[in-house]
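1. Predicted model and sequence follow; I will ask about them next.
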Amino acid sequence: MKQVEQLQEVDLFQKIANHEQVVFCNDRQSGLKAIIAIHNTTLGPALGGTRMYPYSSVQEALEDALRLSEGMTAKCAISDVDFGGGKAVIIGDPNKDKSPAMFRALGQFVDSLNGRFITGTDMGTTMNDFIHAAKETKFINGIPESFGGSGDSSIPTAKGILYALKATNQFLFHNNSLHGRVYAIQGLGKVGRKIAVHLLEAGAFVYVTDTNESVIKSFLNEVRDKQQCIQVVSGEEIYRVHADIFMPCAIGGIINEKTIPLLNVKAVVGSANNQLACDKYAGSLTEKEILYAPDYIVNAGGLIQIADELYGVNRERVLEKVASIYDIILQLFKDAQDANITTVEAARRECQRKLDEQQHRNNFYSRSRRPKWDVK
């Protein structure tokens, strides 16, 4: 029995070998079962949302936390915010298992990390959930404007994606205008819908799809005067349409061995997280001469707002920072082309360069806390 336990322990430490710290949080009274994964704090305190999902096992929850927190390190590095990567996941059904007590318990666990981890909303959680967590810790962001937060992060996220689209058009067509281009949008949620409306206003044609018919009806009602520039297609058909850019704005993992052969586009630029089922598909897209904009750069507008909120709400400052996504994406495309590598590899190199650059700078002794981490 001891030998089995030892083997399991070794396997667990191997699994988290690339992470600084993983915390299992258990509060029987509220029913909280959560995992906090801190991947890397070279750039600063770990920043990342809290996801709530009915995971089938603790193993599945742990893998999600590890994967998402590592992605946050890259996202923070390439977005030039002075924070590291972390993520929390709560095991449970957000429609049935939530309670204020659960989020107060989460807040206590977050507070016990003494500033190493700052969190807020993600899939399955809302800004209102974190009003309760904020009663137990100050290391919370992304709360409603009425409570001193910055509000809806889908607004800067959508703006950042529009900058990424313009950069992609500039690289492909030598003109960054959105006008006259054709876009295939998968998902009309908070972000996808904003993007679709803006593209229509800019004079583009859009193919759209969503699993929820009422969402499509609501969208069509909102853009009644642009009906001639819209075509609604099925979930499967969205991969086959002839368009300039395919925009995944719903679930992840949709760029894979089944969908890549179907694509009739020049680029993939969308808001969904983890669009590639695995990194090797970046190479498959390149072979098919489809340009891929890494999702964690494209959708970084929300992160920029959340990180900036820690210094006090300033929308103008956020939008100025979001505009930099245009230059980051354009430079990434050029770097990948010059080095004859995929955009995923080019982004990874740039993230590592920034981590290496800051490693020495952040280890330099300073008596006082530096302004970049002088958060509220």
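-> That came through fine.
2. for Met52, phi and psi?
-> Main-chain torsions, Met52, degrees, to the nearest 10: phi -120, psi 130.
3. Would you agree it is in contact with Thr125?
-> Yes. Taking C-beta atoms under 8 Å as the definition, Met52 is a contact partner of Thr125 at 5.1 Å. Where you see a C-beta, it was placed from the backbone N, CA and C, and this is true even at glycine.
4. Name the residues contacting each of the two.
-> Ile90, Pro94 (C-beta atoms under 8 Å, 6 or more residues apart in numbering).
5. and the gap between Gly142 and Gly120?
-> Using C-beta to C-beta, to the nearest Å, we find Gly142 at a distance of 3 Å from Gly120.
6. shared neighbours, those two?
-> Gly49, Met127, Phe130, Ile306.
7. Could you provide these in JSON lines, with additional columns for pLDDT and secondary structure?
-> Converted to JSON lines, the shared contacts of Gly142 and Gly120 look like this (pLDDT from 0 to 100; DSSP: H, G, I helix; E, B strand; the rest coil):
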{"residue": "Gly49", "pLDDT": "93", "secondary structure": "coil"}
{"residue": "Met127", "pLDDT": "91", "secondary structure": "helix"}
{"residue": "Phe130", "pLDDT": "95", "secondary structure": "helix"}
{"residue": "Ile306", "pLDDT": "91", "secondary structure": "helix"}
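8. Pick out whichever of those sits closest to Ile260.
-> Gly49 (29.1 Å; C-beta to C-beta).
9. For the closest one, which non-adjacent residue is closest in space?
-> Nearest residue to Gly49 in three dimensions, chain neighbours excluded: Asp122, at 3.1 Å (C-beta to C-beta, 6 or more residues apart in numbering).
10. tell me the secondary structure for Ser234?
-> coil (DSSP: H, G, I helix; E, B strand; the rest coil).
11. got the residue ranges for the strands in this structure?
-> Counting by DSSP state E, the chain has strands at residues 21-27, 32-40, 46-47, 50-53, 84-91, 117-118, 182-186, 205-209, 230-232, 245-248, 267-268, 291-292.
12. and of these, who's closest to Thr343?
-> strand 291-292 (5.2 Å).
13. Please spell out the segments of the protein that come in under the pLDDT threshold.
-> 1-10, 362-370, 376 (pLDDT under 70).
14. ok, now with 80
-> 1-11, 360-376 (pLDDT under 80).
15. if we can go back for a sec, touching, the residue nearest to Gly49 and Thr50? I think so.
-> Yes. Contact status for Asp122 versus Thr50: in contact at 5.6 Å, counting by C-beta under 8 Å.
16. who's more crowded, those two?
-> The neighbour comparison of Asp122 against Thr50 (other C-beta atoms under 10 Å) goes to Thr50, with 28 against 20.
17. excluding its backbone neighbours, what's nearest that one?
-> Ala88 (4.1 Å).
18. so that neighbour bridges to which residues?
-> Beta-bridge partners for Ala88, by DSSP bridges, are Ile36, Thr50.
19. Contacts only, for it.
-> 34-37, 48-51, 65, 106, 110, 117, 119.
20. Of the shared contacts of Gly142 and Gly120, which is the most crowded?
-> Phe130 (27 neighbours).
21. contacting residues for that one?
-> Thr50, Phe103, Thr119, Gly120, Thr121, Ile140, Gly142, Ile143.
22. And the first one, how far from Phe205?
-> Relative to Phe205, Thr50 is positioned 38 Å away (C-beta to C-beta).
23. And Gly252, by the same measure?
-> From Gly252 to Phe205 the distance is 26 Å (C-beta to C-beta).
24. Looking at those two, which is more packed in?
-> Taking neighbours as other C-beta under 10 Å, Gly252 and Phe205 compare with Phe205 leading, 18 against 13.
25. Name whatever forms a beta bridge with that one.
-> Val182.
26. does it really touch Lys226, like I thought?
-> No. Contact between Phe205 and Lys226 fails when scored by C-beta under 8 Å: they sit 9.5 Å apart.
27. Nearest residue to Ala65 in space, please, no chain neighbours.
-> Ala37 (4.0 Å).
28. From Asp93, how far out is the one you found?
-> Applying C-beta to C-beta to Ala37 and Asp93 gives a distance of 21 Å.
29. just Asp111 next, same as before
-> In terms of C-beta to C-beta, Asp111 sits 26 Å off from Asp93.
30. neighbour count winner among these two?
-> Asp111 (16 against 11).
31. what sits against the more buried one?
-> Glu136, Thr137, Lys138, Phe139.
32. May I see the PyMOL selection of the buried members of the residues you listed?
-> Applied in PyMOL, the following selects the buried portion of the contacts of Asp111 according to 16 or more other C-beta atoms under 10 Å:
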select buried, resi 136+137+139
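33. Phi and psi next, for Cys278.
-> The phi/psi pair for Cys278 (degrees, to the nearest 10) is phi -160, psi 160.
34. Neighbours of Arg28, how many?
-> 8.
35. What distance do you get for it to Pro94?
-> 20 Å.
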